[in-house]
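>>> sequence plus the predicted model coming up.
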Amino acid sequence: MREKSDWEKIEEILREDKRYKPNAYFFVLAALRYEIDRLKKKRHITGKELARAIKDLAIREYGPMAKTVLNSWGIYKTDDFGEIVFNMVDKGLLTKQDKDKKEDFHNLFDFDEVFLEKYPWGK
């Protein structure tokens, strides 16, 4: 029996958990690659590091629309990153270490603060 493709695994996640749009999963994967590429030496990425990479990439790619874009995909807080990551872990798209948990993504930053108020024209 052939192994499911990444897209088939994401489709399976989307059938089971309708909170997030497909782009949310692809963006988290892109942010993971973005963070790995920034490392001097390849290693495991923590939840906090991945959340920071998602934030940085969203700002780089979407600027002042970053929060709106993430919200349109069902992402409203950093806890959502953990839900997305662990959905992918459960389907074998990502791996985790024993110490990794969804709570690693809990309340790491406030979306309004990092995506709106930090801009010069914010607030």
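Received it, and whenever you're ready, just let me know what you need. Residues are numbered from 1 along each chain as shown.

>>> distance of the most centrally placed residue in the chain from T46?
For the chain, the residue nearest the mean C-alpha position is V28 (3.4 Å; Cα atoms, centre = their mean). Counting by Cβ to Cβ, to the nearest Å, the separation of V28 from T46 is 14 Å. Any C-beta I mention is one placed from the backbone N, CA and C, and that applies to glycine too.

>>> returning to what we had before: tell me the mean pLDDT over the helix or strand harbouring the residue nearest to the centre of the chain?
Using DSSP states H and E, V28 sits within helix 22-38. In this model, helix 22-38 has a mean pLDDT of 96.

>>> which parts of the helix or strand containing A51 are buried?
For A51, the enclosing helix or strand under DSSP H and E is helix 47-62. In terms of neighbour count (16 or more other Cβ atoms under 10 Å), helix 47-62 has its buried residues at 47, 49-59.

>>> K77: which of these is nearest?
Nearest to K77 among these: A51, at 10.2 Å, using Cβ to Cβ.

>>> wait, what's in contact with the closest one?
If a contact means Cβ atoms under 8 Å, 6 or more residues apart in numbering, then A51 has 78, 81, 105, 108-109 as its contacts.
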